[in-house]
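Novice: Okay, predicted coordinates and the sequence, questions at the end:
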Amino acid sequence: MLYVILVSHGEFAPGLHTAVRMIAGDRKNVLSVSLKDGMSCDSYAENFQKLTADITKEDKIVLLADIIGGSPLTAALKVLNDRGL
């Protein structure tokens, strides 16, 4: 399966995900998670890990982020890399 994963600071990714749902309906392959104000990077990484737990090496991922090099993207890439994805 091809997954589209949205990551961001604040509510950008969940907000965009809501807009996608309004246009395309609820899709199992579109996921989102955000680093909320005051949240630690470790907590965010745990949330990302849980969100992506069902993704396998046979799947493909398009990872979209608000800021290249930002904590949400780098933490997400580390989680995916650690899992060999």
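Specialist: Yep, it's here. Numbers count the residues shown, from 1 in each chain.

Novice: in this protein, which spans are strands?
Specialist: Here the chain has its strands, by DSSP state E, at 2-9, 30-35, 60-65.

Novice: Counting neighbours, what do you get for residue 7?
Specialist: Applying other C-beta atoms under 10 Å, we find 27 residues neighbouring residue 7. Where you see a C-beta, it was placed from the backbone N, CA and C, and this is true even at glycine.

Novice: Now it: closest residue in space, sequence neighbours ignored.
Specialist: Among residues not flanking residue 7 along the chain, residue 72 sits closest, at 4.2 Å (C-beta to C-beta, 6 or more residues apart in numbering).

Novice: With residue 22 as the reference, measure out to the one you found.
Specialist: 23 Å (C-beta to C-beta, to the nearest Å).

Novice: What is the neighbour count of the closest residue to residue 36 other than its chain neighbours?
Specialist: By the measure of C-beta to C-beta, 6+ apart, the closest residue to residue 36 outside its immediate chain neighbours is residue 10, 6.9 Å from it. By the measure other C-beta under 10 Å, the count of residues near residue 10 is 13.

Novice: so residue 10 sits right up against residue 34, yeah?
Specialist: Yes: at 6.2 Å, residue 10 and residue 34 qualify as touching, with contact defined as C-beta atoms under 8 Å.

Novice: Give me the more crowded residue out of residue 72 and residue 22.
Specialist: residue 72 (25 against 8).

Novice: Report the contact partners of that one.
Specialist: By C-beta atoms under 8 Å, 6 or more residues apart in numbering, the residues touching residue 72 are 7, 8, 9, 13, 33, 34, 35, 44, 65, 66.
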